[in-house]
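In: coordinates for the following, if possible.
(2 chains)
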Amino acid sequence: GAVVSQHPSWVICKSGTSVKIECRSLDFQATTMFWYRQFPKQSLMLMATSNEGSKATYEQGVEKDKFLINHASLTLSTLTVTSAHPEDSSFYICSARDPSGISDTQYFGPGTRLTVL
Amino acid sequence: DAKTTQPNSMESNEEEPVHLPCNHSTISGTDYIHWYRQLPSQGPEYVIHGLTSNVNNRMASLAIAEDRKSSTLILHRATLRDAAVYYCILLRGNEKLTFGTGTRLTIIP
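Out: The predicted model follows:
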């Protein structure tokens, strides 16, 4: 299957700082990428849909000024958590849609665990 | 959105087949049935998908009922590495993947 990478795999930061997470599709071009967040013992919650060359579409309740998404190329999307606070500590997962398949299968990155102190 | 219903948890013995059920009684004709699984502390992993016919790949088999209102993911010989949360999701065209609570599969050595 297709490969999606994320960097870093984990990060610890101080409250008030910003953290950038990268998501790359390694062997296919993804016009659409997605960002999810997962709290312990909960399911994945979609945060936003990222389309190459255009503004991201955020789900209801997700602050677009706090979670900045940039999708500058067909293989890279970034999520920046600005002014992070302890409640932002979570497991952040990206996915990329492979448009070459019949049903637009999504492939997921390994996730980034963010801990805000 | 068409919804799916899965048991919260299941257990299976190692090296035995596992049948994970999914009900989707409100499925529409253009909905694909997708299965993903999430191992502990990892991102979800694509397992298999299908529309009407049964599907097989190296990971699993997908058996789809004739009326498409239910499906079963079949792991032919479970190993400890198959312990994960399995999600059954209906996907239509460019819709977003929405995860429910899935089935937590425990493999007993």
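
In: so what's the nearest residue to A:Leu26 once chain neighbours are set aside up against?
Out: Among residues not flanking A:Leu26 along the chain, A:Val3 sits closest, at 4.3 Å (Cβ to Cβ, 6 or more residues apart in numbering or on different chains). (C-beta placed from N, C-alpha, C; glycine too.) With contact taken as Cβ atoms under 8 Å, 6 or more residues apart in numbering or on different chains, A:Val3 is in contact with A:Ser25, A:Leu26, A:Asp27, A:Tyr107.

In: which residue is the nearest non-sequential neighbour of the first one?
Out: Spelled out, that is A:Ser25. That would be A:Ala96: by Cβ to Cβ, 6+ apart, it lies 4.2 Å from A:Ser25.

In: from the contacts of A:Val3, which one has the minimum pLDDT?
Out: Least confident of the contacts of A:Val3 in the model: A:Asp27, at 86.

In: how close does that one sit to chain B?
Out: Distance of A:Asp27 to chain B, computed by Cβ to the nearest Cβ, to the nearest Å: 14 Å.

In: in chain B, what residue is nearest chain A?
Out: With Cβ to the nearest Cβ, the shortest gap between chain B and chain A falls at B:Gly43, namely 3.7 Å.

In: I'd assumed A:Asp88 was in contact with A:Arg113.
Out: No: A:Arg113 is not in contact with A:Asp88 according to Cβ atoms under 8 Å; the separation is 11.8 Å.

In: picking up where we left off before, for the residue nearest to A:Leu26, what are phi and psi?
Out: The phi and psi torsions at A:Val3 (degrees, to the nearest 10) take the values phi -120, psi 130.

In: what's around A:Phe34, how many residues?
Out: 26 (other Cβ atoms under 10 Å in any protein chain shown).

In: now swap in the one 3 residues further on and tell me
Out: A:Arg37 has 21 neighbouring residues, counting by other Cβ under 10 Å.

In: host element of it?
Out: Per DSSP states H and E, A:Arg37 falls inside strand A:32-38.

In: so for residue 78, what pLDDT did the model give?
Out: Just so you know, I chose chain A. Looking at A:Thr78, its pLDDT stands at 95.

In: please refer instead to chain B.
Out: Model confidence at B:Ala78 (pLDDT) stands at 95.

In: looking at it, it is touching B:Ser12, isn't it?
Out: Yes: with contact defined as Cβ under 8 Å, B:Ala78 reaches B:Ser12; the gap is 5.1 Å.

In: sorry, back to before: in the sheet, who's paired with the residue nearest to A:Ser25?
Out: Judged by DSSP bridges, the bridge partners of A:Ala96 are A:Met33, A:Tyr107.

In: distance of it relative to A:Thr75?
Out: 8 Å (Cβ to Cβ, to the nearest Å).

In: what touches both of those two?
Out: In contact with both A:Ala96 and A:Thr75: A:Ser25, A:Ala30, using Cβ under 8 Å, 6+ apart.

In: neighbour-wise, which of these two wins?
Out: A:Ala96 (29 against 19).

In: name the nearest residue to B:Leu51, ignoring sequence neighbours.
Out: The nearest residue in space to B:Leu51 (Cβ to Cβ, 6+ apart) is B:Tyr32, at 5.4 Å.

In: quick one: average confidence on the strand holding A:Arg37?
Out: Regarding strand A:32-38, the rounded mean pLDDT is 95.

In: what parts of chain B come near chain A?
Out: B:32, B:34, B:36, B:38, B:41-46, B:49, B:51, B:87, B:91, B:93-94, B:96-102 (Cβ under 8 Å from any Cβ of the partner chain).
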